[in-house]
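A.B. asks: this is a predicted model, with the sequence first.
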Amino acid sequence: MRPRWQWQLLDGTGVELDRPSSPVFTARFDAETWLGEHWRGLSAQGARTARLLHEGEPVPPDVPLPTV
């Protein structure tokens, strides 16, 4: 099975958001690139923290998303 990477997006209180949502990636690099390209839009939609998951398990550290 291919490795699966995905971002869990959290609001300011640490609650997971239904939307926006992250695609699933086969490479960590692709997941990190996606976040780098989309963090402003995610923040504008209420995401305050992005947590990278690998096969459903958190990979520290969490990434704070500044408000825009």
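C.D. replies: Arrived safely, thanks for sending. Residues are numbered from 1 along each chain as shown.
A.B. asks: buried ones in stretch 25-32?
C.D. replies: Neighbour counts over stretch 25-32 (16 or more other Cβ atoms under 10 Å) mark 25, 31-32 as buried. Every residue, glycine included, has its C-beta placed from N, CA and C.
A.B. asks: ok now that stretch, how far from the chain's centre?
C.D. replies: 11 Å (Cα atoms, centre = their mean, to the nearest Å).
A.B. asks: all helices for the protein, in order.
C.D. replies: Counting by DSSP state H, the chain has helices at residues 28-44.
A.B. asks: check contacts around the residue nearest to the spatial centre of it.
C.D. replies: Geometric centre of the chain, nearest residue: W7, 2.8 Å, by Cα atoms, centre = their mean. Neighbouring residues of W7 by Cβ atoms under 8 Å, 6 or more residues apart in numbering: 22, 31, 34-35, 50-53.
A.B. asks: kindly report the same for E16.
C.D. replies: Per Cβ under 8 Å, 6+ apart, neighbours of E16: 8-10.
A.B. asks: most neighbours of all the residues you listed, which one?
C.D. replies: Sorting these by how many neighbours each has (other Cβ atoms under 10 Å) puts L9 first, at 23 neighbours.
A.B. asks: great, nothing more from me.
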